[in-house]
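>>> dropping a prediction and its sequence here:
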Number of protein chains: 2
Amino acid sequence: MPDHNPTPEVVIDHPEQIHGYEYGTARAARSPLTLEDLERLKEVVWLTDEDEAALGDAAAILADQADEMVSAYRARLGELPWMAPYSQHPDGTPNPQYGAASKPRFDRWIIDACTRPLDQDWLNYQHEIGLRHTTAKKTKTDNADSLDHIPMRYLLAFTAVVIVTAREYLAVTGAPPEQVDRMHSAFTKSVMLHLTVWTRAYLDDPTW
Amino acid sequence: MPDHNPTPEVVIDHPEQIHGYEYGTARAARSPLTLEDLERLKEVVWLTDEDEAALGDAAAILADQADEMVSAYRARLGELPWMAPYSQHPDGTPNPQYGAASKPRFDRWIIDACTRPLDQDWLNYQHEIGLRHTTAKKTKTDNADSLDHIPMRYLLAFTAVVIVTAREYLAVTGAPPEQVDRMHSAFTKSVMLHLTVWTRAYLDDPTW
């Protein structure tokens, strides 16, 4: 794990000040999904009341590590040169401005994934995040010079890294293993729920 | 966990006798992916040599429990009435023939996910599995009377259950927690790699 790099205060306490973070605002896309669609997906990932409580515990442990987690994801992606055009300039050369602009939103996503109620605002902003992976919106929020689409396969595959590495961060305060299990299970379900909804931007009903 | 229901011997030792199990045969679909595509996806899920060794350990623990694991998945799905038309008759009434026909293949998938080398046969059969979730092939292998398409969102979302519940099965022999962690991480990566490749049946390049 890299040296501890605490999550910026603005990410934890004032996300409304993050550029392009449009959670709960009219600037976010309108999700094509209904609350009933969401309820069904929540049942399919099997997110229980106990999981929602465990996510609250996870939030308390992960919030201050969110920036470090995202740095670790990016460090891993940085080892894969063919991935560079999606987060750097289209030719793969460094684009630190884009990385810096998008990072607070990515950090905040970790906190949101543990804390946000599953409601219409959640649906809308998750759809906005999905669109920001595709030609619809990927480079628009930050007016970035980068490839304008992340293939869905990389979004899905990299989720394994997000899920697997979370365990170590959840264990950092010395919680008993059964409690780490509970938080890790709940976080896994939450991440898979987010991933599922993001893919709506890639394909239309009824295939989706 | 339900009473132990050992995996049938044919699933463990003679999968070639399972109806519709076309791994390594010319009857399986030809994957549109290249071995280079696969190598990249393996890098993105971050499946390491250590993970591949841990999958071998996981196989020894899970093989005899595969049937029970699939029964548990189906028991959970059975609690969600709107999911019934995908695995039962189109009107949701029980279709035990379809369930019985597809179960040995699903059981065997758990073993394959821990043991099969990532090669052209793997690519081909995973694409076959992907197609068997869509209108291309869902009901054809078993000539089943059931809905002919599983929406991708349910495939993605239910993967959370497969990942989360695996931990308990991996722990059943009393392996030390660090070893359970290693096996569970490796299994998670393998499952996400499979899931990623299966979704190729749902959408075309270059979006995928």
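Now that the structure is in, tell me what you want to look at.
>>> okay, CA-based contacts and neighbour counts for the rest of this
Noted.
>>> for chain B, what are the nearby residues on chain A?
When proximity is defined by Cα under 8 Å from any Cα of the partner chain, chain A lies next to chain B at A:41, A:43-46, A:77, A:80, A:149-154, A:156-161, A:164, A:185, A:188-189, A:192-193, A:195-197, A:199, A:202-203, A:206-208.
>>> quick check on those residues: which are buried?
Neighbour counting with 16 or more other Cα atoms under 10 Å in any protein chain shown marks A:41, A:43-46, A:77, A:149-154, A:156-161, A:164, A:185, A:188-189, A:192-193, A:195-197, A:199, A:202, A:208 as buried within these.
>>> for stretch A:18-36, what is the average pLDDT?
For stretch A:18-36, mean pLDDT is 97.
>>> what does stretch A:153-164 give?
98.
>>> so how far is chain B from the spatially most central residue of chain A?
By Cα atoms, centre = their mean, chain A has its centre lying nearest to residue A:109, at 4.5 Å. For residue A:109, the distance to chain B (Cα to the nearest Cα, to the nearest Å) stands at 19 Å.
>>> elements contacting the helix or strand where that residue lies?
Assigned by DSSP states H and E, residue A:109 falls within helix A:96-115. Using 3 or more Cα pairs under 8 Å, 6 or more residues apart in numbering or on different chains; DSSP states H and E as the contact definition, the elements that helix A:96-115 packs against are helix A:9-13, helix A:49-62, helix A:66-78, helix A:177-198.
>>> any idea how far the helix or strand just after that helix is from the chain center?
Using DSSP H and E, the helix or strand that directly follows helix A:96-115 along the chain is helix A:120-131. For helix A:120-131, the separation from the chain centroid amounts to 11 Å (computed by Cα atoms, centre = their mean, to the nearest Å).
>>> pull the residues that contact helix A:120-131.
Contact with helix A:120-131 is made by A:22-25, A:28-31, A:33-35, A:38, A:116, A:137-138, A:194, A:197-202, as judged by Cα atoms under 8 Å, 6 or more residues apart in numbering or on different chains.
>>> ChimeraX command for the buried members of those?
Selection of buried members from the contacts of helix A:120-131 for ChimeraX, criterion 16+ other Cα under 10 Å:
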select /A:22,23,28,29,31,38,137,138,194,197,198,199,200,201,202
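>>> how close does the nearest residue to residue A:184 once chain neighbours are set aside get to residue A:13?
Once flanking residues are discounted, residue A:184 sits nearest to residue A:167: 5.9 Å by Cα to Cα, 6 or more residues apart in numbering or on different chains. Relative to residue A:13, residue A:167 is positioned 24 Å away (Cα to Cα, to the nearest Å).
>>> more crowded one of those two?
Comparing residue A:167 with residue A:13 by other Cα atoms under 10 Å in any protein chain shown, the one with more neighbours is residue A:167, at 19 against 10.
>>> thought that one was touching residue A:179?
No - Residue A:167 is beyond contact range of residue A:179, at 10.9 Å (criterion: Cα atoms under 8 Å).
>>> give me the distance between the residue of chain A most remote from its centre and residue A:182.
Centroid-distance maximum for chain A: residue A:176 at 26.1 Å, with Cα atoms, centre = their mean. Here the criterion is Cα to Cα. By it, residue A:176 lies 10 Å from residue A:182.
>>> residue ranges in chain A under the pLDDT threshold?
A:1-3 (pLDDT under 70).
>>> how about residue A:119: what's its closest non-neighbour residue?
Using Cα to Cα, 6+ apart and skipping residues adjacent in sequence, the residue nearest residue A:119 is residue A:35, 6.9 Å away.
>>> which strands and helices sit next to the one helix or strand residue A:43 maps to?
Here residue A:43 is covered by helix A:35-45, with elements defined by DSSP H and E. Where contact means 3+ Cα pairs under 8 Å, 6+ apart, helix A:35-45 is packed against helix A:177-198, helix B:152-170.
>>> make JSON lines out of these and add distance to residue B:132.
Converted to JSON lines, the helices and strands packed on helix A:35-45 look like this (distance: least, Cα to Cα, whole Å):
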{"stretch": "helix A:177-198", "distance to residue B:132": "20"}
{"stretch": "helix B:152-170", "distance to residue B:132": "12"}
